[in-house]
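Asker: pasted the sequence and its predicted model underneath.
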Amino acid sequence: MNKQNKVIGILGGMGPEATASFYMKVIKETKVTNDQDHFRTIIDSNPQIPDRTEAILYKGPSPVPELIKTAENLKKAGATVAVMPCITAHYFYKDIANAVDMPIHHVLEGLNNYIKEVYPRVKKIGVLSTSATKETGLFQRYLEDKEILYPNESDQKNKVMQAIYGDNGIKQGNTGSEPKQMLLEVANRLIKEEYCDMIIGGCTEVELVLEAQDMSVPFIDPMRVAARDLAR
């Protein structure tokens, strides 16, 4: 499929800032000489999609009906391929992909291919994610031949989840020093105490505050990899 025929659909709203950030990644990863070289992109940022962590861990409302409805909206609007800028939502990937007649890029499968290609020698990967993503084992399932490590229970609850969901967290619109320092503290502990040789931002909010230059080991943003895959 050439660039003129490919229309990227972004199944967004989980959260809105992560959705906007992903669109910027698609722009940056697309090789262009003028405006017309960019992909046509359709964004449905639907903040009414129920929280994925609440659904998985606490029997909250299922996000699947709204995810399917949003994917169908993208298809009707002309999207030829869709992507979900939310790692935790990939727990429901098959439900959505089976319900919609449109390819949906699998972010974690793309990430696995990227790590095998670019960082084949990496063995121990530390993941900063929501507790729901941790509990579902998504990274263990899709990253082949890698040891996946998560923060200890205290760090996960009091640092990572607070950085994402807390009163001064990223989902509250705070992408300043407080959530960044909490996540950096946990990442450094995984590097120094668990000997992780890579850190992955396993939640789309994490990459809003952390950058590669913050780490002494490679820091991978799965959504930048997804943008790269879609732009190829």
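Answerer: Noted; the coordinates are in hand. Residues are numbered from 1 along each chain as shown.

Asker: can you show me the strands along the chain?
Answerer: In the chain, the strands defined using DSSP state E lie at 7-12, 40-45, 81-83, 104-105, 124-128, 147-149, 198-201, 219-220.

Asker: okay, helices next: where are they in the protein?
Answerer: Per DSSP state H, the chain carries helices over the ranges 16-29, 52-58, 64-77, 93-99, 107-118, 131-136, 138-142, 153-155, 161-165, 177-193, 222-231.

Asker: residues of the fifth one that come out buried?
Answerer: Put plainly, it is helix 107-118. Buried residues in helix 107-118, counted by 16 or more other C-beta atoms under 10 Å: 107-108, 110-112, 114-115. (C-beta placed from N, C-alpha, C; glycine too.)

Asker: quick check: chain neighbours aside, which residue is closest to L184?
Answerer: Nearest residue to L184 in three dimensions, chain neighbours excluded: D214, at 6.0 Å (C-beta to C-beta, 6 or more residues apart in numbering).

Asker: can you report how many residues lie near that neighbour?
Answerer: 14 (other C-beta atoms under 10 Å).

Asker: residues in contact with it?
Answerer: Residues in contact with D214 (C-beta atoms under 8 Å, 6 or more residues apart in numbering) are 180, 184, 187.

Asker: dump the helices of the chain into a markdown table; add mean pLDDT as well.
Answerer: Converted to a markdown table, the helices of the chain look like this (pLDDT from 0 to 100):
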| stretch | mean pLDDT |
| --- | --- |
| helix 16-29 | 96 |
| helix 52-58 | 95 |
| helix 64-77 | 98 |
| helix 93-99 | 98 |
| helix 107-118 | 98 |
| helix 131-136 | 94 |
| helix 138-142 | 96 |
| helix 153-155 | 97 |
| helix 161-165 | 96 |
| helix 177-193 | 97 |
| helix 222-231 | 97 |
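
Asker: gap between N46 and T30?
Answerer: Distance from N46 to T30, counting by C-beta to C-beta, to the nearest Å: 24 Å.

Asker: circling back to that earlier point, want to throw the helices of the chain into JSON lines with distance to P85?
Answerer: Shown next, in JSON lines, are the helices of the chain (distance: least, C-beta to C-beta, whole Å):
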{"stretch": "helix 16-29", "distance to P85": "4"}
{"stretch": "helix 52-58", "distance to P85": "12"}
{"stretch": "helix 64-77", "distance to P85": "12"}
{"stretch": "helix 93-99", "distance to P85": "13"}
{"stretch": "helix 107-118", "distance to P85": "8"}
{"stretch": "helix 131-136", "distance to P85": "14"}
{"stretch": "helix 138-142", "distance to P85": "15"}
{"stretch": "helix 153-155", "distance to P85": "25"}
{"stretch": "helix 161-165", "distance to P85": "14"}
{"stretch": "helix 177-193", "distance to P85": "18"}
{"stretch": "helix 222-231", "distance to P85": "6"}
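
Asker: many thanks, I have nothing further to ask.
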